[in-house]
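A.B. asks: following is a predicted model, sequence given first.
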Number of protein chains: 2
Amino acid sequence: MLTTTDPIDQRFGLARRVTLPGPLKLDSGALLAPVEIAYETYGTLAPDAGNALLVCHALTGDQHLASAHPRTGKPGWWQRMVGPGRPIDTDRFFVVCANVLGSCMGTSGPASTDPATGRPYAMDFPVITIRDMVRAQALLLDHLGVARLAAVVGGSMGGMQALSWAATYPDRVPAAVVIASTARHTAQNIAFHEVGRQAVMADPNWRGGDYYDGDPPAAGLAVARMAAHITYLSEAGLTEKFGRRLQSRERKSFGFDADFQVESYLRHQGLAFTDRFDANSYLYITRAMDYFDLAEEHGGLLANAFRGTGTRFCLVSFDTDWLYPTAESRSIVQALNAAGAPASFVELSSPYGHDAFLLDSPDLDRVIAGFLGAVR
Amino acid sequence: MLTTTDPIDQRFGLARRVTLPGPLKLDSGALLAPVEIAYETYGTLAPDAGNALLVCHALTGDQHLASAHPRTGKPGWWQRMVGPGRPIDTDRFFVVCANVLGSCMGTSGPASTDPATGRPYAMDFPVITIRDMVRAQALLLDHLGVARLAAVVGGSMGGMQALSWAATYPDRVPAAVVIASTARHTAQNIAFHEVGRQAVMADPNWRGGDYYDGDPPAAGLAVARMAAHITYLSEAGLTEKFGRRLQSRERKSFGFDADFQVESYLRHQGLAFTDRFDANSYLYITRAMDYFDLAEEHGGLLANAFRGTGTRFCLVSFDTDWLYPTAESRSIVQALNAAGAPASFVELSSPYGHDAFLLDSPDLDRVIAGFLGAVR
C-alpha cells in the first residue's frame, strides 16, 4: 500500500511534485530533461497497484481535482465528482491527477527553469502535443508503481488525453471515459485559439515570451480568455444567465463602461484568469490542442488508433456544446465501432454548453458511476 | 430628374459627401452638429422622387455599394446585387447608400473634427444607436428631395437599420428587406463585441482613443477583427475552406508561426482590416449594435414597433448563420404577424454562415428581385 512514507515528494504538502530525470522524447523530436510533474492523489493504492485511476484536466485546469487549491482555497475543480462514495469513488480507486506538461502549476512548462541557462525557458520550451502530455503522465505512473491503470477519465482537453492514452498505451488502459471532447481540433477550434494567441502576442508586455522578470502580458491574456470563455457557454445559457440585463437598473450609460451584465462577467473572467495562469503556458497548451488529430497520427483513419484495442470506452457529449459538439463524439464512436472496440455513448441534455461537464449534472454522475462500477 | 448638376456635393467624385447643419438629436440626448454624410447613388431619381431605394451597410461596410472603392479599386461590396437588370435594378431604382454615422468613410464619426476643439472627436464623439444612424440617413434623404422611399434593404447591421427605418419612419418606408439580421443583440452577440472592444482598448496605442496623431491600435483592432470574423463564417464553411490543412505541405513547424491555413487566413483578415478601418469607429458601431433592441424601444414588445404599419416586409435568413440565426428572423416575423404587417420570410440554405448574404447566392437574388418586382 502506498502511504505518505512511500517515495512521493511531500515538499509541497498536498500538492506533490516529482522531478524525473528523463529525457522525455517529444513528438517534435526534442528531448526534455528533467521532467517535473506536480500531481495530486486521492484514495489508497491497492497492494497490487491495480486500482489507479487517472483523471486528466482541461486546458486551464490543474491537479487540484478534489481538494482545495492550496493558494486560492477554492474547492477542487471536480470535487463533486471525486471522493468517497462519489461517481469516481476514492474508497475504490487510487485517483491520480497531474498538472499537464506545458502548464504552470508545478509541471514543466515555459515558466520552468531551463537547466541550460538557469532562466525560464519562455519560448525555448519545446512545443508539445497531447501525446507528449500523456507520455509525461506515463512517466509519473511508472514512478508511482502503477503499470496498468484501472481507468482514465477526462473532459474537454482531458478527454483528448484519455483518447491519446488509449491509443498510445492500450495495454495500460482497460477503460477510458471521454467527456465533451473531440479526436481532432477543427478549423473553427483552431481559429478561436489563434485569436487568443494573437491577443497574447499583441500585448507589448509579452516581449517574445521573455516577460518573467517584468510585467506579464495580462491584458492580452485577459482578452484571450474572454474569447475562449464564450465558446465554453451556450447561447441559450448566456441568455438565461445574463440576457440583455444591465449592470445598473437605471439605463444605458451611452459610454464604454460595462453596461451589460455579460460584459462585466466576461471582463471579470478575463482578469481573474491572469492571476492564475501563465500566458506562455496558454500559448503552448492551445498549440498542443490545435495540433491534436488522432486520425492523422494513425495514417489518417481514426479507427486505426484503436484497432485491436482491449480498452472499453464511455463517451459523453452535451447537446448545447458547440465547442466540441455531439457530432465529434459520434464520429469517435463510429471509429471505435469500426475498430471493434466496445463503446457506450450518451448525449446528455444541458443548457450550459461545453462547461456542463464541470457543473452539477446528476445524469453525468450516473453515467460515470455506472461505467466505472463495471471496471475491474 | 436628379443629374450631376443637381445639388449633390461632387467634391469627392464618385464618393459624394454632404455637410448638413444639424443639429441631430441623438438617443443619448446629445446634439450632433454639423452632420457629415458620405454616400453613393446609382440610377436616376424619378421626377416624382418616388423610386429611391436605400441600401444600409453592415458594421464595417461603406457607401461603395456597386462601384469600385476609390482607394482600393475593389468592386463595390454588393456589386453583383445592384446594377442595371440586377435584383436591385438601377434601371428602375435610384439607389442610395450612405456611410453610417460613427463610421470612418466620410460620415461623421470619432475620427471627424470636433468643431469645439478643431481636433478629432475621439471618445468625445457621442455614443450613437442604430436609430441615430437611421435619423442621419433621413436627413440625407431630405437633402436629396426624397420624402418617401420605394424600399429600404439591408443585411446584418443593415437589416437592423431597415427594421429601425420601418419602426421610426413608417410613412417613408412602404417596403423593407431584412437579410441575416436580428431585432436585438443577444448576450452572446454582446459578448463577442465586448471581446473586440477590450482587444482594442488593451492596445497601449489606443491611449483612451487619442491616437490620431500617432500610431493607431492596429494590433488590438486586428485581434478584434479576427474574433468577429469567426462569427461571420460557419463551422462547416471553415472546414470546407481550410479544414486542418497546413500552410506548408511538409509538416507542422512545432513553433508559433501560422502552421494552419486557417491561422494565416485569420491573421490576414485582421491585418487587412486595420488598413481600412478606424479603431474608435469599431468601438462606436459595435456599441450601437449591442444597444439595439427594437422591442425595448417599444415598451418591451416587438410587435408594438410595427403596429398599424403600412410597410411590407421581406425577411431572409441563412441556415448556417449562427451570428443571427434563423430563430431571430422567425421571431421578427411572429412580431410582424402579431402587428398585422404583411411579411414574407424564407430561410435559405448556404454553407457560408452569416457572410452568405454578401456572397453569390442565386436564391437570394431571386427572393430580392421577386419582392422588389412588386414594389411601387
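C.D. replies: Right, received. Where do you want to start?
A.B. asks: what about the most centrally placed residue in chain A, which SS state?
C.D. replies: Geometric centre of chain A, nearest residue: A:Ala58, 1.7 Å, by C-alpha atoms, centre = their mean. Under DSSP: H, G, I helix; E, B strand; the rest coil, A:Ala58 falls in the coil class.
A.B. asks: residues contacting it?
C.D. replies: A:Gly154, A:Gly155, A:Ser156, A:Met157, A:Gly158 (C-beta atoms under 8 Å, 6 or more residues apart in numbering or on different chains). Backbone N, C-alpha and C define where each C-beta goes, glycine included.
A.B. asks: just the buried members of these?
C.D. replies: The neighbour-count criterion (16 or more other C-beta atoms under 10 Å in any protein chain shown) marks A:Gly154, A:Gly155, A:Ser156, A:Met157, A:Gly158 among those as buried.
A.B. asks: which parts of chain A are strands?
C.D. replies: A:16-20, A:24-25, A:31-32, A:35-42, A:52-56, A:82-83, A:88-89, A:94-98, A:113-114, A:119-120, A:151-155, A:175-179, A:312-318, A:343-348 (DSSP state E).
A.B. asks: for the third one, packing partners?
C.D. replies: What it means is strand A:31-32. strand A:24-25 (3 or more C-beta pairs under 8 Å, 6 or more residues apart in numbering or on different chains; DSSP states H and E).
A.B. asks: what strands line up against the strand it packs on, and which way round?
C.D. replies: strand A:31-32 (antiparallel) (DSSP bridges).
A.B. asks: give me the spatial nearest neighbour of the residue nearest to the centre of chain A, chain neighbours excluded.
C.D. replies: Leaving aside its sequence neighbours, A:Ala58 sits nearest to A:Ser156 (C-beta to C-beta, 6 or more residues apart in numbering or on different chains; 4.0 Å).
A.B. asks: contact partners for the one you found?
C.D. replies: A:Ala58, A:Leu59, A:Ile179, A:Ala180, A:Ser181, A:Leu323, A:Tyr324, A:His354, A:Phe357.
A.B. asks: low-scoring pLDDT stretches of chain A, where are they?
C.D. replies: Residue ranges of chain A with pLDDT under 70: A:1-15, A:249.
A.B. asks: can you do 50?
C.D. replies: The model of chain A has pLDDT under 50 over residues A:1-14.
A.B. asks: tell me the domain ranges of it?
C.D. replies: Domains of chain A are assigned by automatic domain parsing as A:16-186+A:297-373, A:189-287.
A.B. asks: would you confirm that A:Pro23 contacts A:Ser108?
C.D. replies: No - with contact defined as C-beta atoms under 8 Å, A:Pro23 does not count as touching A:Ser108 (11.6 Å).
A.B. asks: biggest separation within the contacts of A:Ser156, which pair?
C.D. replies: Farthest pair in the contacts of A:Ser156 (C-beta to C-beta) is A:Leu59 and A:Ile179. Separation: 14.1 Å.
A.B. asks: A:Leu315: neighbour count?
C.D. replies: 26 (other C-beta atoms under 10 Å in any protein chain shown).
A.B. asks: can you tell me how far the residue nearest to A:Ala58 sits from A:Arg184?
C.D. replies: 14 Å (C-beta to C-beta, to the nearest Å).
A.B. asks: now A:Val134
C.D. replies: As judged by C-beta to C-beta, A:Val134 and A:Arg184 stand 16 Å apart.
A.B. asks: cool, A:Phe192 as well?
C.D. replies: 15 Å.
A.B. asks: cool, A:Ala272 as well?
C.D. replies: For A:Ala272, the distance to A:Arg184 - C-beta to C-beta - is 30 Å.
A.B. asks: one more: A:Thr239?
C.D. replies: 30 Å.
A.B. asks: looking at those two, which is more packed in?
C.D. replies: Using other C-beta under 10 Å as the criterion, A:Thr239 and A:Arg184 rank with A:Arg184 on top: 23 against 16.
A.B. asks: buried sites along stretch A:362-370?
C.D. replies: Across stretch A:362-370, burial judged by 16+ other C-beta under 10 Å covers A:Leu364, A:Val367, A:Ile368.
A.B. asks: quick one, what contacts the last one?
C.D. replies: Read it as A:Ile368. Going by C-beta under 8 Å, 6+ apart, the list of residues near A:Ile368 reads A:Met81, A:Pro87, A:Ile88, A:Val153, A:Val177, A:Cys314, A:Val316.
A.B. asks: just list whatever residues bridge to the third one.
C.D. replies: Listed beta-bridge partners, A:Ile88: A:Val82 (assigned using DSSP bridges).
A.B. asks: for B:Leu221, which of the strands of chain A is the nearest?
C.D. replies: Per C-beta to C-beta, nearest to B:Leu221 of the strands of chain A: strand A:119-120, 30.7 Å.
A.B. asks: counting by contacts, list what that closest one packs against.
C.D. replies: Right, strand A:119-120 is packed against strand A:113-114 by 3+ C-beta pairs under 8 Å, 6+ apart.
A.B. asks: what strands line up against the strand it packs on, and which way round?
C.D. replies: strand A:119-120 (antiparallel).
A.B. asks: run through who's touching the partner strand.
C.D. replies: Residues outside strand A:119-120 that contact it (C-beta under 8 Å, 6+ apart) are A:Pro110, A:Ala111, A:Ser112, A:Thr113, A:Asp114, A:Tyr212.
A.B. asks: swap the cut-off to 6 Å and go again
C.D. replies: With C-beta atoms under 6 Å, 6 or more residues apart in numbering or on different chains as the test, strand A:119-120 has contacts from A:Ala111, A:Tyr212.
A.B. asks: what does the stretch 1-150 of chain A put close to chain B?
C.D. replies: Within the stretch 1-150 of chain A, the positions lying close to chain B (C-beta under 6 Å from any C-beta of the partner chain) are A:Ser28, A:Val127.
A.B. asks: neighbours of the spatially closest residue to A:Ala68 that is not a sequence neighbour, how many?
C.D. replies: Sequence neighbours aside, A:Pro75 is the residue nearest to A:Ala68 in space, at 5.9 Å (criterion: C-beta to C-beta, 6+ apart). Residues lying near A:Pro75 (other C-beta under 10 Å) number 13.
A.B. asks: against A:Gly43, how distant is A:Pro75?
C.D. replies: 17 Å.
A.B. asks: next one: A:Ile179
C.D. replies: For A:Ile179 relative to A:Gly43 (C-beta to C-beta), the value is 20 Å.
A.B. asks: neighbour count winner among these two?
C.D. replies: A count of neighbours by other C-beta under 10 Å puts A:Ile179 above the other of A:Ile179 and A:Gly43, at 28 against 22.
A.B. asks: that one touches A:Val316, doesn't it?
C.D. replies: Yes - under the criterion of C-beta atoms under 6 Å, A:Ile179 makes contact with A:Val316 at 4.5 Å.
A.B. asks: can you give me the helices in chain A?
C.D. replies: A:130-144, A:157-168, A:187-202, A:218-232, A:235-241, A:261-276, A:279-291, A:326-339, A:362-373 (DSSP state H).
A.B. asks: re earlier: from the buried ones among the contacts of A:Ala58, which is closest to B:Gly300?
C.D. replies: A:Ser156 (38.2 Å).
A.B. asks: can you list the residues of the stretch 201-350 of chain A near chain B?
C.D. replies: Checking the stretch 201-350 of chain A against chain B by C-beta under 6 Å from any C-beta, the hits are A:202, A:204, A:219, A:223, A:226-227, A:230, A:235, A:238-239, A:242-243, A:254, A:260, A:262-263, A:266.
A.B. asks: so how do I select the buried members of these in ChimeraX?
C.D. replies: ChimeraX command restricting those to the buried ones, with burial defined by 16+ other C-beta under 10 Å:
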select /A:202,219,223,226,227,230,235,238,239,242,254,260,262,263,266
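A.B. asks: nothing else from me, thank you.
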